[in-house]
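Enquirer: predicted structure and sequence below. I'll ask about it afterward.
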Amino acid sequence: MHTATITGFGTTLLGISRMDEDAIATATAWLTALWLPIVPLKRYRVQFREDDRYTVLDEMPVDRGEVLRTYLFGWLVFPLPIVGPAVSQWLFDVNVPGPWWWTALWALVGLAALKGWHDLRRDPDSARDRSDATV
């Protein structure tokens, strides 16, 4: 399975589990748009290498709990600060202080945070660090 994204559109591995001492973990391949998880494709057992590449060892059933966590964080927790001010202005006619571009700037900062979350969710080194910390 080859994964690739261009400005957040494509396929990527998310929900990487804790790695064992051989750098083997499980991860779900996702179809993404603007770094948001759209559809889980397959779950794999993978071995990560030092160059941030991986080898698929075998295919597994998709983990519903991991899918739910990925959807919750990807669609609720991180987008909320991005769209919250604009939606509150539109729905409730709340006057957000400052010019309109302040909301746009806030949305860009939120989008950068979403990309950072996406990178963290797919980073094998962070999964390895979590594994070391919980021994």
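Expert: Sure, I can see it.

Enquirer: show the average pLDDT along the host helix or strand of residue 70.
Expert: Taking DSSP states H and E as the definition, one finds residue 70 inside helix 64-72. The average pLDDT within helix 64-72 is 91.

Enquirer: then stretch 109-117?
Expert: Stretch 109-117 comes out with an average pLDDT of 71.

Enquirer: for this protein, just list every one of the strands.
Expert: If you assign secondary structure with DSSP state E, the strands in the chain sit at 4-6, 9-14, 24-33, 36-48, 54-60.

Enquirer: the second one to strand 54-60, inter-axis angle?
Expert: Computed with axes from the mean of the first three to the mean of the last three C-alpha atoms, to 10 degrees, the direction of strand 9-14 lies at 80 degrees from that of strand 54-60.

Enquirer: got the buried residues for strand 9-14?
Expert: 11, 12, 13, 14 (16 or more other C-beta atoms under 10 Å). C-beta: built from backbone N, CA, C; applies to glycine.

Enquirer: give me the residues contacting that strand.
Expert: Applying C-beta atoms under 8 Å, 6 or more residues apart in numbering, the contact partners of strand 9-14 are 3-5, 27-34, 37, 41, 44, 46, 54, 70, 74, 118, 121-122.

Enquirer: show me what contacts residue 75?
Expert: Residues 36, 37 are the ones in contact with residue 75 under the rule C-beta under 8 Å, 6+ apart.

Enquirer: rewinding a little: any chance of the buried residues of strand 9-14 in TSV, plus pLDDT and distance to residue 63?
Expert: Converted to TSV, the buried residues of strand 9-14 look like this (pLDDT from 0 to 100; distance: C-beta to C-beta, whole Å):
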residue	pLDDT	distance to residue 63
11	92	17
12	88	16
13	89	13
14	88	11
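
Enquirer: which of those residues lies closest to residue 59?
Expert: Out of the buried residues of strand 9-14, the one with the shortest distance to residue 59 is residue 13. That distance is 13.1 Å, counting by C-beta to C-beta.

Enquirer: sorry, back to before: among the contacts of strand 9-14, which ones are buried?
Expert: Applying 16+ other C-beta under 10 Å to those, the neighbour count classes 3, 5, 27-32, 37, 44, 46, 54, 70, 74, 118, 121-122 as buried.
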